[in-house]
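In: how would this look folded up:
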Amino acid sequence: MSTKANILIVEDEAKMRRLLELNLGDDGFNTLSAADAESGLKLLQSGSVDLVITDLKLPGMDGLEFLQQVKRFNAALPVVVMTAFGTVETAVTAMKAGASDYVLKPFSLDEMRMVVRKELDVHRLREENRSLREALQKRYEHPNIVARSPKMQEVLATVERVAPTNSTVLLGGESGVGKDLIARAIHEKSRRASGPFIKINSTAIPENLLESELFGYEKGAFTGAVGSKPGKFELADKGTLFLDEIGDVPAATQVKLLRVLQEREFERLGGTRTLKVDVRLVAATNRDLRAALEEGTFREDLYYRLNVVPIDLPPLREHKEDIPELVNLFLARASAESGKEIVRVTPDALKVLMGYHWPGNVRELQNIIERASALAKGPVLDAADIHLDPQRSKPANSGAALLPEGMTMEQWEDEMIREALRRANGNKSQAARLLGLSRNALRYRLSKIGIEDDAENGKES
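Out: The predicted model follows:
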């Protein structure tokens with residue numbers, strides 16, 4: 001990040017504007033400032049600006065309209081919006097319109113500096129990713145991660161770029177693709193590598209205990225709390241916290257997570273003392289969080305805080321060229337742990353492994369190789385030693401299709417929505433019940449296929 005980045009401040013309150021100018025100037029940034037959106041646009045168009053900070057409540061053109069004008073001028077330019085505590089919904093609207101982040105008034109100058117540095121880091125990262133294909137000519141490597149395929153090379157290239165920043169990372173992908181290994185790689189390549197790497201899986205902990213595991217508790221906070229205990233956030237101070245299966249975190253805990261990400265502070269369960277932490281969060285999910293937003297089970301503001309740098313890991317069936325090297329890695333591990341040396345696999349055994357569709361991804365491959373190594377009679381694994389799950393393997397040359405011939409999954413879903421509307425005689429609430437969807441989820445799908453929702457026009461079918 002350049003210490004001479006140019007920051008445009010648009011704030012009608014003179015005292016706040018001057019405070020930000022002085023504070024960011026002391027931090028090594030060049031600042032330009034304007035008291036209204038119109039003046040801010042002139043400054044933006046007349047000079048080089050690397051980041052914009054704007055209030056949402058401005059005289060004349062308001063902050064949202066100003067944001068839209070900025071994005072028309074330069075869609076990639078990061079914009080941080082300031083808003084009062086009671087207008088968080090407006091801030092979320094701004095995020096949807098292209099704002100990079102928001103801070104709630106009153107805020108500390110330390111918080112603003114942290115947000116500015118983070119957004120400039122992310123902006124630099126995104127600029128570098130424009131030349132990702134050229135950068136992939138370099139081979140990226142990391143211990144215990146096999147990445148010979150282009151798709152996995154792209155994942156590691158993104159890891160290389162995001163790791164030195166403090167940005168929150170959201171890892172997506174099916175179970176078993178190796179999200180925990182990527183999270184650890186981000187930590188080990190970061191400036192926090194000497195600090196702790198703490199992992200917690202939200203689905204492995206009962207819902208009523210998750211909050212105390214994350215934030216700790218004080219003596220007497222609940223029955224059985226005979227002493228105080230630090231939570232994972234405290235243990236991860238100056239390091240990285242890997243929160244797996246973030247999509248399953250209950251609503252009450254989501255609120256506290258949002259506060260930690262915004263303000264870097266929290267209280268233990270049953271406590272009153274506010275604790276400050278310096279933690280980089282890497283979250284992971286195998287769920288579609290956008291679908292959870294539609295269903296109302298995941299907070300929008302938390303989603304935007306988490307989804308700063310998304311990294312999607314491909315399923316193993318999409319990078320099968322990595323299977324031979326993964327097999328060698330797992331064979332070496334199995335031999336070291338069991339003392340039973342397996343030197344290689346035959347071409348026939350490898351053909352079986354390459355032909356399987358791997359619903360359990362890399363984790364399933366590891367289990368299959370460990371099982372084969374344990375049961376093998378000699379130092380070479382043959383096809384007869386590979387025992388796949390016949391229930392889950394894809395039938396060869398099967399003529400039975402799940403979808404009607406010539407129809408995609410998206411087309412099939414659209415047809416099901418139309419059929420539900422026909423059966424419900426156009427009543428959209430009844431159609432939603434037939435499909436097992438919420439009213440909002442159906443409204444979203446109707447907009448995708450171009451069917452007008454009468455509820456938005458004041459009528460309910």
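
In: how close does residue 320 sit to residue 328?
Out: According to Cβ to Cβ, to the nearest Å, residue 320 and residue 328 sit 15 Å apart. In short, each C-beta sits where N, CA and C put it, glycine included.

In: ok, residue 296 next?
Out: Taken as Cβ to Cβ, the span from residue 296 to residue 328 is 47 Å.

In: hey, which helix or strand in the chain has the poorest pLDDT?
Out: helix 132-135 (a mean of 54; mean pLDDT, DSSP states H and E).

In: next up, the contacts around the residue nearest the centre of the chain.
Out: Central residue of the chain (Cα atoms, centre = their mean): residue 170, 1.9 Å from the mean position. By Cβ atoms under 8 Å, 6 or more residues apart in numbering, the contact list for residue 170 reads 246, 283, 284, 285, 289, 306, 307, 308, 309, 310, 311.

In: if we use 6 Å, what do you get?
Out: By Cβ atoms under 6 Å, 6 or more residues apart in numbering, the contact set of residue 170 is 283, 306, 307, 310.

In: also residue 233?
Out: By Cβ under 6 Å, 6+ apart, the neighbours of residue 233 are 277, 279.

In: separation between residue 148 and residue 322?
Out: 6 Å.

In: now do residue 375
Out: 24 Å.

In: more crowded one of these two?
Out: residue 322 (21 against 11; other Cβ atoms under 10 Å).

In: hang on, isn't the more buried one packed against residue 149?
Out: Yes: at 5.0 Å, residue 322 counts as touching residue 149 under the criterion of Cβ atoms under 6 Å.

In: tell me who's in contact with residue 261.
Out: residue 305 are the contacts of residue 261 under Cβ under 6 Å, 6+ apart.

In: roughly how far is the helix or strand where it lies from the heart of the chain?
Out: If you go by DSSP states H and E, residue 261 is part of helix 251-263. Taking Cα atoms, centre = their mean, to the nearest Å, one finds helix 251-263 lying 15 Å from the centre of the chain it belongs to.

In: buried sites along it?
Out: By 16 or more other Cβ atoms under 10 Å, the buried positions in helix 251-263 come out as 253, 254, 256, 257, 258, 260, 261, 262.

In: same check, this time on stretch 364-377
Out: 364, 365, 366, 368, 369, 370, 372, 373, 376.

In: for the last one, which non-adjacent residue is closest in space?
Out: Once its chain neighbours are removed from consideration, residue 376 has its nearest residue in residue 385; the separation is 4.9 Å (Cβ to Cβ, 6 or more residues apart in numbering).

In: again with the third one
Out: In space, and not counting its chain neighbours, residue 366 is closest to residue 330: 5.0 Å by Cβ to Cβ, 6+ apart.

In: as a whole number, average confidence for the strand or helix carrying that neighbour?
Out: Per DSSP H and E, residue 330 falls inside helix 323-338. Throughout helix 323-338, pLDDT has a mean value of 89.

In: what about the residue nearest to the centre of the chain, is that helix, strand or coil?
Out: strand (DSSP: H, G, I helix; E, B strand; the rest coil).

In: how far away is it from residue 32?
Out: Residue 170 is 33 Å from residue 32, by Cβ to Cβ.

In: where along the stretch 301-450 of the chain do the strands fall?
Out: 309-312, 344-345, 380-381 (DSSP state E, counting those that start in this stretch).

In: ok, residues contacting stretch 299-311?
Out: Under Cβ under 6 Å, 6+ apart, the answer for stretch 299-311 is 92, 95, 158, 162, 167-171, 254, 258, 261, 283, 289, 293.

In: can you give me the end-to-end distance of stretch 347-361?
Out: 21 Å (Cα to Cα, to the nearest Å).

In: done for today, thanks.
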